[in-house]
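Asks: Give the three-dimensional model of this entry:
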Amino acid sequence: MPSSHWIPCVVALFLGLAVTACDDSSMSPDDAATLSGTVVYSQTGDPAAGVDVDLQRCEQRMGTMMDEEWHPCDATQTAVDGRFHFEYMHQSMHRYRVTVRGTTDPQGVCYLDDASGQPIVLRVP
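Replies: Numbers count the residues shown, from 1 in each chain. Next up is the predicted model:
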(Lines give C-alpha, C1' and ligand atoms only; values in the text may rest on other atoms or scores of the structure.)
Protein backbone atom coordinates (compact mmCIF):
# COMPACT_ATOMS: atom_id res chain seq x y z
CA MET A 1 0.00 0.00 0.00
CA PRO A 2 1.46 3.42 -0.90
CA SER A 3 2.42 5.56 2.08
CA SER A 4 -0.12 8.26 1.17
CA HIS A 5 -3.00 5.80 1.88
CA TRP A 6 -2.15 5.18 5.54
CA ILE A 7 -1.82 8.87 6.49
CA PRO A 8 -5.62 9.40 6.89
CA CYS A 9 -5.76 6.31 9.13
CA VAL A 10 -2.99 7.63 11.38
CA VAL A 11 -4.62 11.07 11.56
CA ALA A 12 -7.98 9.47 12.50
CA LEU A 13 -6.27 7.38 15.20
CA PHE A 14 -4.62 10.44 16.78
CA LEU A 15 -7.87 12.42 16.68
CA GLY A 16 -9.67 9.54 18.38
CA LEU A 17 -7.05 9.46 21.13
CA ALA A 18 -7.26 13.23 21.62
CA VAL A 19 -11.05 13.14 21.99
CA THR A 20 -10.81 10.27 24.47
CA ALA A 21 -8.20 12.16 26.53
CA CYS A 22 -10.55 15.16 26.91
CA ASP A 23 -13.55 13.08 27.95
CA ASP A 24 -14.27 13.54 31.69
CA SER A 25 -16.11 10.21 31.81
CA SER A 26 -12.76 8.46 32.28
CA MET A 27 -12.43 9.99 35.77
CA SER A 28 -13.41 7.76 38.64
CA PRO A 29 -16.38 8.70 40.81
CA ASP A 30 -13.96 9.13 43.73
CA ASP A 31 -12.58 12.24 42.01
CA ALA A 32 -15.94 14.03 42.27
CA ALA A 33 -16.23 16.15 45.41
CA THR A 34 -18.71 18.51 46.98
CA LEU A 35 -18.18 21.24 49.50
CA SER A 36 -20.77 23.22 51.44
CA GLY A 37 -20.55 25.80 54.17
CA THR A 38 -21.91 29.01 55.61
CA VAL A 39 -20.65 32.57 55.86
CA VAL A 40 -21.70 34.48 58.98
CA TYR A 41 -21.01 37.90 60.48
CA SER A 42 -18.37 37.73 63.22
CA GLN A 43 -20.17 40.07 65.61
CA THR A 44 -23.65 38.52 65.50
CA GLY A 45 -23.34 35.06 63.94
CA ASP A 46 -26.12 36.02 61.51
CA PRO A 47 -25.93 34.60 57.95
CA ALA A 48 -24.13 36.82 55.44
CA ALA A 49 -25.99 36.90 52.11
CA GLY A 50 -24.39 37.89 48.80
CA VAL A 51 -20.80 37.29 49.87
CA ASP A 52 -18.34 36.19 47.16
CA VAL A 53 -16.71 32.86 48.04
CA ASP A 54 -13.83 31.27 46.11
CA LEU A 55 -12.67 27.67 45.92
CA GLN A 56 -8.90 27.55 45.33
CA ARG A 57 -6.38 24.81 44.60
CA CYS A 58 -2.65 24.58 45.29
CA GLU A 59 -0.27 21.93 44.03
CA GLN A 60 1.46 20.17 46.92
CA ARG A 61 5.21 20.65 46.76
CA MET A 62 8.10 19.71 48.93
CA GLY A 63 9.43 22.66 50.87
CA THR A 64 7.94 25.47 52.86
CA MET A 65 4.39 26.77 52.71
CA MET A 66 5.85 30.06 51.47
CA ASP A 67 6.15 28.42 48.04
CA GLU A 68 2.39 27.91 47.76
CA GLU A 69 0.61 29.34 44.75
CA TRP A 70 -3.18 29.24 45.06
CA HIS A 71 -5.23 29.21 41.87
CA PRO A 72 -9.00 29.71 41.50
CA CYS A 73 -11.12 26.62 40.79
CA ASP A 74 -14.61 28.03 41.15
CA ALA A 75 -16.53 30.94 42.62
CA THR A 76 -20.01 31.46 43.98
CA GLN A 77 -22.04 33.85 46.08
CA THR A 78 -23.77 33.01 49.34
CA ALA A 79 -27.54 32.58 49.35
CA VAL A 80 -29.94 34.46 51.62
CA ASP A 81 -29.19 32.00 54.43
CA GLY A 82 -25.41 32.52 54.05
CA ARG A 83 -24.85 29.08 52.52
CA PHE A 84 -22.54 28.23 49.63
CA HIS A 85 -21.93 25.02 47.71
CA PHE A 86 -19.27 23.78 45.29
CA GLU A 87 -19.03 20.66 43.13
CA TYR A 88 -15.57 20.06 41.73
CA MET A 89 -13.13 17.41 40.53
CA HIS A 90 -10.71 16.69 43.35
CA GLN A 91 -7.17 16.21 42.07
CA SER A 92 -4.69 14.22 44.10
CA MET A 93 -1.46 15.98 45.02
CA HIS A 94 -3.36 19.25 45.47
CA ARG A 95 -4.55 21.14 48.52
CA TYR A 96 -7.84 23.00 48.56
CA ARG A 97 -9.20 25.97 50.47
CA VAL A 98 -12.36 28.02 50.46
CA THR A 99 -12.10 31.73 51.14
CA VAL A 100 -14.17 34.87 51.31
CA ARG A 101 -12.94 36.82 48.29
CA GLY A 102 -10.48 39.56 49.17
CA THR A 103 -10.24 38.73 52.88
CA THR A 104 -7.05 38.98 54.89
CA ASP A 105 -8.78 37.74 58.05
CA PRO A 106 -7.92 34.09 58.84
CA GLN A 107 -11.55 33.55 59.94
CA GLY A 108 -12.55 34.04 56.29
CA VAL A 109 -10.42 31.13 55.06
CA CYS A 110 -10.77 27.36 55.59
CA TYR A 111 -8.15 24.87 54.42
CA LEU A 112 -10.02 21.71 53.55
CA ASP A 113 -7.29 19.41 54.83
CA ASP A 114 -7.70 21.11 58.23
CA ALA A 115 -11.52 20.94 58.26
CA SER A 116 -11.51 17.22 59.22
CA GLY A 117 -15.22 16.70 58.60
CA GLN A 118 -16.37 19.66 60.69
CA PRO A 119 -18.90 22.13 59.27
CA ILE A 120 -17.25 24.93 57.33
CA VAL A 121 -18.12 28.35 58.71
CA LEU A 122 -16.37 31.42 57.34
CA ARG A 123 -16.65 34.72 59.20
CA VAL A 124 -16.77 38.25 57.83
CA PRO A 125 -16.57 41.51 59.84
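Asks: Below-threshold pLDDT in this protein: ranges please.
Replies: Applying pLDDT under 70 to the chain picks out residues 1-30, 62-67, 114-117.
Asks: quick check: longest strand of it.
Replies: Using DSSP state E to assign secondary structure, the strand with the most residues in the chain is strand 32-41.
Asks: Which residues are in contact with the residue lying closest to residue 81 once chain neighbours are set aside?
Replies: Counting by Cβ to Cβ, 6 or more residues apart in numbering, the nearest residue to residue 81 once its immediate chain neighbours are dropped is residue 47, at 5.0 Å. Any C-beta I mention is one placed from the backbone N, CA and C, and that applies to glycine too. Shown in contact with residue 47 (Cβ atoms under 8 Å, 6 or more residues apart in numbering): 38-40, 78, 80-83.
Asks: Tell me the one of the residues you listed nearest residue 98?
Replies: Closest approach between these and residue 98, by Cβ to Cβ: residue 39, at 9.7 Å.
Asks: Residue 72 versus the closest one, what's the distance?
Replies: 17 Å (Cβ to Cβ, to the nearest Å).
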